[in-house]
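S.K.: let me see the structure of the following:
(chains A, B, C and D)
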2 protein chains.
Amino acid sequence: MKKRVSLKDIAQEAGVSTALVSYVLTNKEEKARVGREMANKIRKIARKLNYQPNYLARSLKSGRTDTIGLIVADISNPFFGQIARIVEDEAKRHNITVIFGSSDENAEKSADLINVLLNRQVDGLIVVPSEGSEQQILQLSERHVPFVLMDRPFPAIAASSISINNFGASYNAVEHLLRTGRKRIGMIAYQTGLHHIAERRRGFEVALANAGLKTGKRLKLARYSHLREDIRKAIDQLTGGKHPADALFFATNSLAIEGLRYISELGIRVPEQLAVVSFDESEAFDLFHAPVTFIRQPIREMGKAAVQLLLSQIADSERPPEDIRIDAELVVRRSSAAN
Amino acid sequence: MKKRVSLKDIAQEAGVSTALVSYVLTNKEEKARVGREMANKIRKIARKLNYQPNYLARSLKSGRTDTIGLIVADISNPFFGQIARIVEDEAKRHNITVIFGSSDENAEKSADLINVLLNRQVDGLIVVPSEGSEQQILQLSERHVPFVLMDRPFPAIAASSISINNFGASYNAVEHLLRTGRKRIGMIAYQTGLHHIAERRRGFEVALANAGLKTGKRLKLARYSHLREDIRKAIDQLTGGKHPADALFFATNSLAIEGLRYISELGIRVPEQLAVVSFDESEAFDLFHAPVTFIRQPIREMGKAAVQLLLSQIADSERPPEDIRIDAELVVRRSSAAN
DNA sequence: CTGAAAGCGCTTACAG
DNA sequence: CTGAAAGCGCTTACAG
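M.R.: Next up is the predicted model:
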């Protein structure tokens, strides 16, 4: 790149010190009581030379970078892409830039990302934490790094977090299936210790129990690393046998999309043979032959709240952590219509 | 945040100058011929104090930030999300961090983003340029900022760019439809002057012309800002009348998804009444009742090439611009089966 | 082998 | 009203 113009260049041309220029250009001329005429002259020169401040230098001095880090599982997953977009927009309203990273649900990668972002002096972090990352998160807390957990709270750690009421949302979805006359409801979730998935599973189990039904072998778990394989096996088991499931509840959109692919292949008719409900949103749900009933997460609200929570934490490091839980909405469509 | 430990802290504890510590910690001890013993002592102290270098300071000195900017139309669109992911991974392999921004196909936002990113001293930019941003791009060029255009070349500007052969891909898709016996092929594209869309339109027109057919009124344009409305009108016009279209070609995945929603609503059977082909990929294409034939962009290849092109440009600012054009692949599925 | 010093581009408390 | 100076945390050419 060409040599950038610095305060010094302007100062030279104006015949003053860099200090004066700095005061004027950061609108602190009042405080420094710079002459009106001189201020105008300086501004004019700055414009002429197309001066652009070097944020690096500014940050080094001020200790703030006006940058936040966003760690998600995978930016190419539309759920996280949407979160990223909302965080971006909300951050920009405050003149803050976002650096992102994908952890792939992997604690090691997550630790790595946190490290890189902190070395880049981000002012704070928004983290969708992966399984096994409790220690890292705890360390952030101990080092007094401002951060907010998103989507997945860690109940054992006192930290600001924003997520939906997973138990309630799950419970409602299952109750909806029961109300439409489904008796043998299967669920496919991730095999993970993460709290949000555990809560979704618990909602499923409690809803069935309250209806006097047993979960039995109808709760299936898939590994993130063997998604396709595990889902196909689970669906085979759930839809086969003497008492095939008459409804399927997916714990996330990735699970549902992979599952629906297989259901299409098998030629299973939805909702006639099998009702379907899923967490999260997807364009693919709209185009399935029976538009899929889903649990809509208030992503916009969550993203905005995350940024705001983080910013107030950055502004006041003594602020006690805040745990925000938002209710999600069940959007009923044809895939779960009564028979 | 707590006070970070700096070189000075280590130097103090070791009883040496910060210079020595710097040499050791950046593995330049050879060059500075630091004693082995001293080097070990310094390293030990650094570990004990959990020293983390401040990249800001390092960058201010070195003039490099090991950060690149990525500007896409909208990070929440899976097409761009995937690009972002690949850029992220490829950049990380070189210890480079990515800052992203969404321009919303808006030249003003794009100019803004470029400005912010340059002020943050990114080493270079990967840009999916929006309509009307030629001037900004030209300026980058004049200022000798390393950058690479992605997805959409600007033929009038000498710049490195990486994109697919849009004309060829479009031509092939239309030829495929003709070969399967379709006679009245409609296309829905964006109303934009961007070169990649113009090329897709041209491929459509030339393919029809070569088959002795006229485009007539079968090329419809939708505005990015009025997507839903314009697409519905276009589909009504194309599928209505005395000679309804028997095939529909969408110029992007967003256009297709919105269009397929409407086609579902109308109860039009694909491919019996209407064959469908689209540019780009989407999970939604898999779940449509007739899996949609699409033009697969080699996103991974493009993303990797973009980063590599950018890095070699950063390393050697005299490097002449390189224009990479990759062929895209038509993935034929049921939505365009012969009747 | 080791250290003092300058400098990257800013900001700001202090002195005149 | 204006300027000299210190300092943010690093790197590196130079001197001993």
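S.K.: can you tell me how far whichever residue of the stretch 51-200 of chain A sits closest to DNA strand D is from residue A:146?
M.R.: Distances from the stretch 51-200 of chain A to DNA strand D, computed as CB to the nearest atom of the strand, single out residue A:61 as the nearest residue at 3.6 Å. In this view, the C-beta of every residue, glycine as well, is placed from N, C-alpha and C. Going from residue A:61 to residue A:146 by CB to CB, to the nearest Å gives 20 Å.
S.K.: what are the ranges of the strands in chain A?
M.R.: A:67-72, A:97-102, A:124-127, A:147-150, A:161-164, A:185-190, A:219-222, A:247-250, A:275-279, A:293-296, A:323-326, A:329-331 (DSSP state E).
S.K.: can you pull the contacts of the closest residue to residue A:307 other than its chain neighbours?
M.R.: Among residues not flanking residue A:307 along the chain, residue A:90 sits closest, at 4.1 Å (CB to CB, 6 or more residues apart in numbering or on different chains). Neighbouring residues of residue A:90 by CB atoms under 8 Å, 6 or more residues apart in numbering or on different chains: A:303-304, A:307-308.
S.K.: quick one on the thing from earlier: counting neighbours, what do you get for the residue of the stretch 51-200 of chain A closest to DNA strand D?
M.R.: The local packing count at residue A:61 equals 10, with neighbours defined by other CB atoms under 10 Å in any protein chain shown.
S.K.: helices or strands up against the lowest-mean-pLDDT helix or strand in chain A?
M.R.: Within chain A, confidence by mean pLDDT, DSSP states H and E is lowest for helix A:29-32 among all helices and strands, at a mean of 74. Counting contacts by 3 or more CB pairs under 8 Å, 6 or more residues apart in numbering or on different chains; DSSP states H and E, helix A:29-32 is packed against helix A:18-25.
S.K.: list the contacts of stretch A:92-100.
M.R.: Applying CB under 8 Å, 6+ apart, the set of residues contacting stretch A:92-100 from outside is A:66-72, A:75, A:84, A:87-88, A:91, A:117, A:120, A:122-123, A:307, A:311, B:67, B:84, B:88, B:97-100, B:116-117, B:120.
S.K.: ranges for the helices of the stretch 151-300 of chain A?
M.R.: According to DSSP state H, counting those that start in this stretch, the stretch 151-300 of chain A carries its helices in the segments A:166-179, A:195-210, A:227-239, A:253-266, A:283-287, A:299-315.
S.K.: nearest to DNA strand C, out of the ones you listed?
M.R.: Evaluated over the helices of the stretch 151-300 of chain A, closeness to DNA strand C peaks at helix A:299-315, with 15.3 Å, by CB to the nearest atom of the strand.
S.K.: mean confidence for that closest one?
M.R.: Taken as a whole, helix A:299-315 carries a mean pLDDT of 96.
S.K.: nearest to residue B:219 among the contacts of residue A:90?
M.R.: Proximity of these to residue B:219, judged by CB to CB, is greatest for residue A:303, which lies at 38.1 Å.
S.K.: and for that closest one, the neighbour number?
M.R.: Residue A:303 sits with 24 neighbouring residues when counted by other CB under 10 Å.
S.K.: for chain B, see how far away it is.
M.R.: Per CB to the nearest CB, to the nearest Å, residue A:303 is found 10 Å from chain B.
S.K.: isn't that residue up against residue A:83?
M.R.: Yes. With contact defined as CB atoms under 8 Å, residue A:303 counts as touching residue A:83 (5.4 Å).
S.K.: state which one residue of the stretch 151-300 of chain A is found closest to DNA strand C.
M.R.: When scored by CB to the nearest atom of the strand, the stretch 151-300 of chain A has residue A:160 as its residue closest to DNA strand C, at 27.1 Å.
S.K.: contacts only, for that residue.
M.R.: For residue A:160, the residues meeting the contact criterion (CB under 8 Å, 6+ apart) are A:147-149, A:309-310, A:313, A:321-324.
S.K.: pull out the buried members of the residues you listed.
M.R.: Of all the contacts of residue A:160 considered here, the ones buried according to neighbour count by 16 or more other CB atoms under 10 Å in any protein chain shown are A:147-149, A:309-310, A:313, A:324.
S.K.: residues in the stretch 151-300 of chain A within reach of chain B, list them.
M.R.: A:257, A:260-261, A:264, A:282-289 (CB under 8 Å from any CB of the partner chain).
S.K.: scan those and report the most crowded one.
M.R.: Neighbour counts for those were taken using other CB under 10 Å; the highest belongs to residue A:260, which has 29 neighbours.
S.K.: would you mind giving the domain segments of chain A?
M.R.: Following automatic domain parsing, one gets these domains for chain A: A:7-53, A:65-164+A:299-326, A:166-297+A:330-336.
S.K.: what pLDDT does the residue of the stretch 151-300 of chain A closest to DNA strand C get?
M.R.: 97.
S.K.: quick one, phi psi at it?
M.R.: Dihedral angles of residue A:160 (phi, psi; degrees, to the nearest 10) stand at phi -70, psi 140.
S.K.: before we move on, back to that, what would the contacts of residue A:160 look like in JSON lines with distance to chain B?
M.R.: Output for the contacts of residue A:160, formatted as JSON lines (distance: CB to the nearest CB, whole Å):
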{"residue": "A:147", "distance to chain B": "11"}
{"residue": "A:148", "distance to chain B": "15"}
{"residue": "A:149", "distance to chain B": "18"}
{"residue": "A:309", "distance to chain B": "17"}
{"residue": "A:310", "distance to chain B": "13"}
{"residue": "A:313", "distance to chain B": "11"}
{"residue": "A:321", "distance to chain B": "16"}
{"residue": "A:322", "distance to chain B": "19"}
{"residue": "A:323", "distance to chain B": "22"}
{"residue": "A:324", "distance to chain B": "22"}
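S.K.: and the residues you listed, which is closest to DNA strand C?
M.R.: Compare each of these with DNA strand C using CB to the nearest atom of the strand and the shortest gap goes to residue A:313, at 20.8 Å.
S.K.: which residues sit in contact with that closest one?
M.R.: Residues touching residue A:313, when contacts are defined by CB under 8 Å, 6+ apart, comprise A:124, A:146-148, A:160, A:319.
S.K.: if we use 7 Å, what do you get?
M.R.: Residues counted as contacts of residue A:313 (CB atoms under 7 Å, 6 or more residues apart in numbering or on different chains) are A:124, A:146, A:160, A:319.
S.K.: could I have the PyMOL command that selects the buried members from the residues you listed?
M.R.: For the buried members of these, the matching PyMOL selection, counting by 16+ other CB under 10 Å, is:
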select buried, chain A and resi 124+146+160
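S.K.: closest to chain B out of the contacts of residue A:313?
M.R.: Comparing those against chain B with CB to the nearest CB picks out residue A:146 as the nearest, at 7.5 Å.
S.K.: these two touch, right, the closest one and residue A:312?
M.R.: No. Using CB atoms under 7 Å, residue A:146 makes no contact with residue A:312, being 9.0 Å away.
S.K.: so who does residue A:291 touch?
M.R.: Applying CB under 7 Å, 6+ apart as the definition, the contact partners of residue A:291 turn out to be A:285, A:333-335.
S.K.: among these, name the buried ones.
M.R.: Burial by neighbour count, judged by 16+ other CB under 10 Å, picks out A:285, A:333, A:335 from those.
S.K.: can I get the residues you listed in a markdown table with distance to residue B:24 and pLDDT?
M.R.: Compiled in a markdown table, the buried ones among the contacts of residue A:291 are given as follows (distance: CB to CB, whole Å; pLDDT from 0 to 100):
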| residue | distance to residue B:24 | pLDDT |
| --- | --- | --- |
| A:285 | 56 | 97 |
| A:333 | 63 | 98 |
| A:335 | 63 | 98 |
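S.K.: just the pLDDT for the residue lying closest to residue A:329 once chain neighbours are set aside.
M.R.: Excluding its sequence neighbours, the residue lying closest to residue A:329 (CB to CB, 6+ apart) is residue A:296, at 4.8 Å. According to the per-residue confidence, residue A:296 scores 98 in pLDDT.
S.K.: how many residues are close by residue A:15?
M.R.: Here the number of neighbours of residue A:15 (other CB under 10 Å) works out to 9.
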